[in-house]
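Q: Have a look at this prediction, sequence included:
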Amino acid sequence: MNELGARASGQGRIFQTTGDQHIQEHHHHYDPGAGPLFGGTRPASPAGPDSVRMPLVGRPPGILRNREELRELLAAAVAGPGGDAHVVHGMGGCGKTALAYWLFTEAVRSHGRVGLWVNASERMSLRAGMLAVAGDRGASAGELAAAATGQRAAADLVWHYLDHSCDPWLLVLDNADDPGVLEDGAWLRTSPRGTVLITTRHAGSPLWRGPGVSRHALGVLPLDDAAQVLCDLAPDTGDLDSARKVAERLGRLPLALTLAGSHLAHQLLESWSMDEYDRKLAEESTAIVDRGTAGHGGNQSRHLVGRTWQLSLDTLTEQGLPEATTLLRLLSLLAADPVPLEVLAPVARAAVAIEGLEPARVEPALRGLLDHSLAELVVVADAVRCVRAHGVLLDSVAAGIPRGQRPALAEAAAGLLEAALPETAENRTRLTLLAPHTVALLKAEPGERTAALAVRVVRAVHEAGDGPATLALACDVVRVTDTALGALHPVTLDAQDAQAKALTRMGRWAESAELFSTVIERREQTLGPDHPDTLRSYRYFRQPLALLSRMEEAEHFLCRALDGQRRLLGENSPETLDTWTSLLELLSATGRERELETEAAALIDACERELPAGHPTTAVARHSYADSLRELGRHAEADPLTGSVLADHIRNHGPDHPLTLTALCLKARVAHGLGRFDEAVGTLKEVIERRERVLGPEHPLVVENHEWLTAWQAEAES
């Protein structure tokens, strides 16, 4: 019953809200007629919003025991004007996320704040979540696209909109266990418009000592509160004295208490009392190390969850669900981030076979894990339904997998992730969800297949345009593959090639050139100079070389790539034509007008003959040629090309894509070169307006465009 006199019955709860806030609570107590988790007919239910307004918590705590002093302090923070940040640190499973959820609902319900929740466990999830925050606070699609592709500082964009939010807010950065994900504090700032709450296992990071940042340690519960948690969850299985014995044996850790209480509350074939449960726990040691806190001040803490979850799995086996053990072991090889249900669906459909996990038993096994609090259902962006288990639990389960079963489970997990990866890089939500799991699987079971899968994800993220995420992922993958497979293994070289491309995109040209040089040397040694992968490295090596003004070297490697692809793939293959477009840029940059004319005519003719109408490669070829003509002062010849190039880019990429805006700028410059000043000034103003919105007013291109506009307006008036 709440303060308004409303009453809930059964498994219901009541929430009171103010403002445009959506709070959703998930329950996993299934009716006999409930529909399947993996598709088919199911009762209608509200879909999760595609936003960061929903806490990433599957089953929120009904009652939060203890923590009164800290809760009072944090409640005062969200009741005040804002401008501060609070770091709650403690061992895994001590209830940090539960406390964050309580504060989130308190801020929204009682103080009218906008609640914003971001998973900060991985670089990609943090970056995607923070950009979603910017979108929630008013950033345009063009601005978000520019930040996602590295054209403008993403953190600056997000905090600009947080600083200018019309509504006060609470921003939760949950599971920031690796402070490096925050990029030296770029993502962690304070604002007078809101309050920031960070949860982390890492107590000692220098980031937590910045101005306006307060630290709060969270430990295990006092004994009486810990015992009361068990009584809350399983009130009919024992009195407070019995609960104290179990709580003490479980180290008073909230996660272990939740697992134990859920087990006791969901018994079917047996009805253990708390005293009987305590005797079961005493049969063998239950202590495990929380490996997730190694080096983060957690070595002195030992978590007592191992035997707790094993008792729950034993019970599920006795109830006829031994598959629950196999399913949890499979999940333990992945990250502690949400796993989309579509990843597991092929097993339920018999499309992927896993020993010990019959297709018809996948859904009952998952329901068993949910009912025993060994996993939870959460809904993330784009209303994707996911299953998630606690990191401490997953670490413990993974450590207990029999050695002979790990390779088969890893192979199955790799197959499931391969099937779930999107065909194109445009589905960024799915990439963001799957990327942490591919890297976690590679680290858990490094091998050729898991490494190749991780490299495939790195390439997809690169194609999606996310330079910072690509570089972070590539560095992780290179470290593992170099150790596991060796420096000369083709997959290791694939990973380094992707890392070099990411370095180019991030403007670290000298590092990129050095790494490309190493990759090429090793690929020539192991694959030969005419292998397709070697030829691709030649092609992409030319970009950092050109940016470093090493034009002769750039042309040398580009010509080697083009000649090899013509021999190997054919003169008119799409990849060869795409490489050919780069040659026009080099010829223009080195002022070789006659060669440019010949190559451009032949390239454009081949593209129009071999590729579909409006193909992006054809548009790039025309664009390069038109810009080269402008550079050479041949504006009248460039003029008719600019309109068709602009139309093609808009159709292929949209009005605010960098290529589209570059083409619009080219149109303005050609008009200026032809003396059509009114048209040139009007078009350049449109370029500036769009670029300012997408890139920000301080971007070098915007500053340069403003300088042109001043000069052109003066010319028009003279």
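A: Happy to help now that I have it.
Q: Now for the nearest residue in space to Val118 that is not next to it in sequence: which residues touch it?
A: Distance criterion C-beta to C-beta, 6 or more residues apart in numbering; nearest residue to Val118, sequence neighbours excluded, is Gly129 at 3.4 Å. Every C-beta, even on glycine, is put in place using the N, C-alpha and C of the backbone. Gly129 sits next to 52, 117-120 when contact means C-beta atoms under 8 Å, 6 or more residues apart in numbering.
Q: Can you flag which of these belong to strands?
A: 117-119 (DSSP state E).
Q: so where's the stretch 301-450 of the chain uncertain?
A: The model of the stretch 301-450 of the chain has pLDDT under 70 over residues 301-307, 424-426.
Q: ok, now with 50
A: Residues of the stretch 301-450 of the chain meeting the criterion pLDDT under 50: 301-304.
Q: Now do the helices in it.
A: Taking DSSP state H, counting those that start in this stretch as the test, the helices found in the stretch 301-450 of the chain are 306-318, 323-332, 341-348, 362-371, 391-399, 406-420, 428-444, 448-463.
Q: Tabulate those (TSV), appending distance to Ala510 and mean neighbour count.
A: Shown next, in TSV, are the helices of the stretch 301-450 of the chain (distance: least, C-beta to C-beta, whole Å; neighbours: other C-beta atoms under 10 Å):
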stretch	distance to Ala510	mean neighbour count
helix 306-318	49	22
helix 323-332	41	25
helix 341-348	40	22
helix 362-371	50	22
helix 391-399	38	22
helix 406-420	35	19
helix 428-444	27	23
helix 448-463	20	23
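Q: Quick check: which of these is nearest to Gly80?
A: helix 391-399 (32.3 Å; C-beta to C-beta).
Q: now for that closest one, which elements pack on it?
A: Applying 3 or more C-beta pairs under 8 Å, 6 or more residues apart in numbering; DSSP states H and E, we find helix 391-399 packed against helix 254-265, strand 288-289, helix 306-318, helix 323-332.
Q: make it 6 Å
A: Judged by 3 or more C-beta pairs under 6 Å, 6 or more residues apart in numbering; DSSP states H and E, helix 391-399 is in contact with helix 323-332.
Q: For the helix it packs on, give me every contacting residue.
A: 313, 316, 356-357, 361, 365, 368-369, 389, 394, 397-398, 401, 409, 413 (C-beta atoms under 6 Å, 6 or more residues apart in numbering).
Q: ok, now stretch 141-149?
A: In contact with stretch 141-149 (C-beta under 6 Å, 6+ apart) are residues 131, 135, 152, 154, 157, 465-466, 656, 693-695.
Q: Give me the mean pLDDT for that stretch.
A: For stretch 141-149, the mean per-residue pLDDT is 82.
Q: List the buried residues in that stretch.
A: 142-149 (16 or more other C-beta atoms under 10 Å).
Q: how about those residues in a markdown table, adding secondary structure and distance to Val339?
A: Shown next, in a markdown table, are those (DSSP: H, G, I helix; E, B strand; the rest coil; distance: C-beta to C-beta, whole Å):
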| residue | secondary structure | distance to Val339 |
| --- | --- | --- |
| Gly142 | helix | 32 |
| Glu143 | helix | 31 |
| Leu144 | helix | 26 |
| Ala145 | helix | 27 |
| Ala146 | helix | 31 |
| Ala147 | helix | 27 |
| Ala148 | helix | 23 |
| Thr149 | coil | 27 |
